[in-house]
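>>> here are the coordinates; sequence isn't available:
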């Protein structure tokens, strides 16, 4: 009679701990963003647009590893909220360029401060070296698995 293969405990998996932390960090951040009237996905789009002086939807989609449809929906929602505007290019009206409005441009630093606050709440008890090691380790996993895409959900 053969012995059954031992089954590992949930807590013996690195992914368990990563997901536990990620869920809590993400939930707290989502609540902070929602208190400002923006979703996390909308924040990611706004932050990506902040450093650019206008982006084509396809450029934004590629930079965030999102579909053009997803970018279109997010930008439509942001336009309704008054944070993004879409303009047709003068030389060819088929091409559109996305811009943050003045209200959107003003909101991004406030949202960035909330992101910084969330990081401080969850990781501030770690020393600088520990934080740097954690980020370096996560980046190594991203590179090693060739992971793409902004975390928007």
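Happy to help now that I have it. On a predicted model such as this, the values are computed, not experimentally measured, just so you know.
>>> List of residues touching the host helix or strand of residue 103?
Assigned by DSSP states H and E, residue 103 falls within helix 102-123. For helix 102-123, contacts defined as Cβ atoms under 8 Å, 6 or more residues apart in numbering pick out 21, 24-25, 28-29, 32-33, 36, 38, 43, 46-47, 49-50, 78, 82-84, 100, 131, 134. (Each C-beta comes from the backbone N, C-alpha and C, glycine too.)
>>> so residue 98 touches residue 76, yeah?
No. Applying Cβ atoms under 8 Å as the test, residue 98 and residue 76 come out as separate, 10.7 Å apart.
>>> more neighbours, these two?
Remark: of residue 98 and residue 76, residue 98 carries more neighbours, 23 against 12, as counted by other Cβ atoms under 10 Å.
>>> tell me the contacts of the more buried one?
49, 54, 55, 56, 57, 60, 75, 84, 85, 86.
>>> which residues touch residue 19?
Contact analysis of residue 19 by Cβ under 8 Å, 6+ apart lists nothing.
>>> sorry, back to before: can you flag the buried ones in the contacts of residue 98?
Neighbour-count burial (16 or more other Cβ atoms under 10 Å) applied to the contacts of residue 98 gives 49, 55, 56, 57, 60, 75, 84, 85.
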